[in-house]
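K.L.:
Dropping the sequence and predicted coords here.
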Amino acid sequence: MAKKSRQPQPTPPAVVQLMTMPGTRVQFWAVGECPYCEARHYHPAGGPLADPLERLGEVASPCGNGPYVLTLPPRPARKKGKRGQRRDRWDERLGEPDDADW
Ligand SMILES: [Zn+2]
């Protein structure tokens, strides 16, 4: 069998921000910086009843340079210097899988 060609090039991520068109309920994802042309691009995020998150993922760049993956920006790093018992409890709950009893 022929070897598969090398791993396909990973699709570069494009960090997006959800924005609403002023005066309307039209939402769209704004790509701050296109990984190809470094310009700002916009992608429709669906109507007011749609879940904008469903529009995230791989899309073709409007500039035609290739696909990129619409990605939410990373959350700001939490301060983890001091022990916060309340925080720890919160983290515990978040880390608990829902299907533990399955
Ligand atoms: Zn571009």
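P.N.:
Okay, I see it.
K.L.:
Quick one: classify Gln17 as helix, strand or coil.
P.N.:
strand (DSSP: H, G, I helix; E, B strand; the rest coil).
K.L.:
Double-check it against Gln27; I have them as touching.
P.N.:
No: if you go by Cβ atoms under 8 Å, Gln17 and Gln27 don't touch, sitting 10.9 Å apart. Glycine gets a C-beta too; all of them are placed from N, C-alpha and C.
K.L.:
Of the two, which one has the most company?
P.N.:
Gln27 (17 against 11; other Cβ atoms under 10 Å).
K.L.:
what does the chain have sitting close to the ion?
P.N.:
34, 36-37, 61, 63 (Cβ under 5 Å from the ion).
K.L.:
Inside strands: which ones of these?
P.N.:
Of the residues of the chain next to the ion, none are assigned to strands by DSSP state E.
K.L.:
ok, how many other residues are close to the nearest residue to Gln27 once chain neighbours are set aside?
P.N.:
If the residues on either side of it in the chain are set aside, Gln27 comes closest to Ala45, at 4.1 Å by Cβ to Cβ, 6 or more residues apart in numbering. The tally of other residues near Ala45 (other Cβ under 10 Å) stands at 23.
K.L.:
Run through the residues that contact Ala45.
P.N.:
Contacts for Ala45 (Cβ atoms under 8 Å, 6 or more residues apart in numbering) come out as 18, 27-29, 52, 55.
K.L.:
of the residues you listed, closest to Arg75?
P.N.:
The closest of the contacts of Ala45 to Arg75 turns out to be Leu18 (Cβ to Cβ; 14.5 Å).
K.L.:
Tell me how far the closest one lies from the ion.
P.N.:
In this view, Leu18 and the ion are 19 Å apart by Cβ to the ion, to the nearest Å.
K.L.:
Please name the residues that touch Arg25.
P.N.:
47-48 are the contacts of Arg25 under Cβ under 8 Å, 6+ apart.
K.L.:
go again using 10 Å as the cut-off
P.N.:
47-49 (Cβ atoms under 10 Å, 6 or more residues apart in numbering).
K.L.:
Provide the count of other residues in contact range of Met21.
P.N.:
That count, for Met21 with other Cβ under 10 Å as the rule, works out to 11.
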